[in-house]
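**Student:** Fold the following.
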Amino acid sequence: MNLPISKPIVENVFLDVIDPVKLLSDLNQKQFTGFIYLTIHSLNNFEENILLFLKGNISGSIYLNNTYNVEIFGKEAFDFSINNLGYNDGTINIYELSAEQLKLILIFNDKIKYETKIDEKSLSKLSFKYNEDLFRERLKNKILNVKLREELFDKFKINELLRL
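**Tutor:** Model prediction:
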C-alpha cells in the first residue's frame, strides 16, 4: 500500500531510544493525524508496521512480513505493531497527514480499519515488551508453508530453472 508522505515529523529514529507509552500518549494529547511507520529486523525477518491515527486515536493498522509474504490488517495488525514497538532493533518514522487524506485512505482500504482510543487506561493494558512467541504462534502455518515450499523448490531444483 502506498501512503502519502506529506509532512515528516520523525524520520529513521532507532526504537531503542523511544518510550512507546510516552510516544502514543503525546500523539494522543496533540490530536495527531497521520501514521507511524515502524520497521524491525528480528530473527531472519523484516517486518513493517503501520499505525494510522485520526485526532490522536488509532484508526487503522497494517502488518507486513516480507520474509513470509504475510499481510495482516486491523486488530491483529495492531497487536503485532504494539508488540514490535517493544523491539530494539528497528526504526520509526512518523508522518502527519490531513484528516481528509487519512479518511480517504480508510475509505478505500476498509480492511485496515481498527479504531481504539489511546488514553492512560488503554495504554496501561498494553504490553510493549517484544514477545517472539506472538509472531511464532500466529504465523506458524504461514512459516511452515514457506519452509515446505522452499524444500520442494530445492528438492526439484526449481530455483535453478527460475534463474534461466
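
**Student:** if I look at the residue nearest the centre of the chain, how far off is Asn131?
**Tutor:** Most central residue of the chain, judged by C-alpha distance to the mean C-alpha position with C-alpha atoms, centre = their mean, is Asn49 at 1.3 Å. For Asn49, the distance to Asn131 equals 14 Å [C-beta to C-beta, to the nearest Å]. Placement of C-beta: from N, CA and C, glycine included.

**Student:** So what's the residue count around Phe78?
**Tutor:** When neighbours are counted by other C-beta atoms under 10 Å, Phe78 registers 23.

**Student:** My error: substitute Phe108 in the last question.
**Tutor:** As a burial measure, Phe108 scores 9 neighbours (other C-beta under 10 Å).

**Student:** Distance check, it against Tyr63.
**Tutor:** 19 Å.

**Student:** hmm, who's touching the helix or strand hosting the residue nearest to the centre of the chain?
**Tutor:** Assigned by DSSP states H and E, Asn49 falls within strand 45-54. By C-beta atoms under 8 Å, 6 or more residues apart in numbering, the residues outside strand 45-54 that reach it are 1, 3, 27, 32-41, 58-68, 77-78, 80-81, 84-85, 99, 102-103, 105-106, 112, 118, 135.

**Student:** Just the buried residues from these, in PyMOL please.
**Tutor:** A single PyMOL command selects the buried members of the contacts of strand 45-54 (16 or more other C-beta atoms under 10 Å):
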select buried, resi 3+27+32+33+34+35+36+37+38+39+40+58+59+60+61+62+63+64+65+68+77+78+80+81+84+85+102+105+106+112+118+135
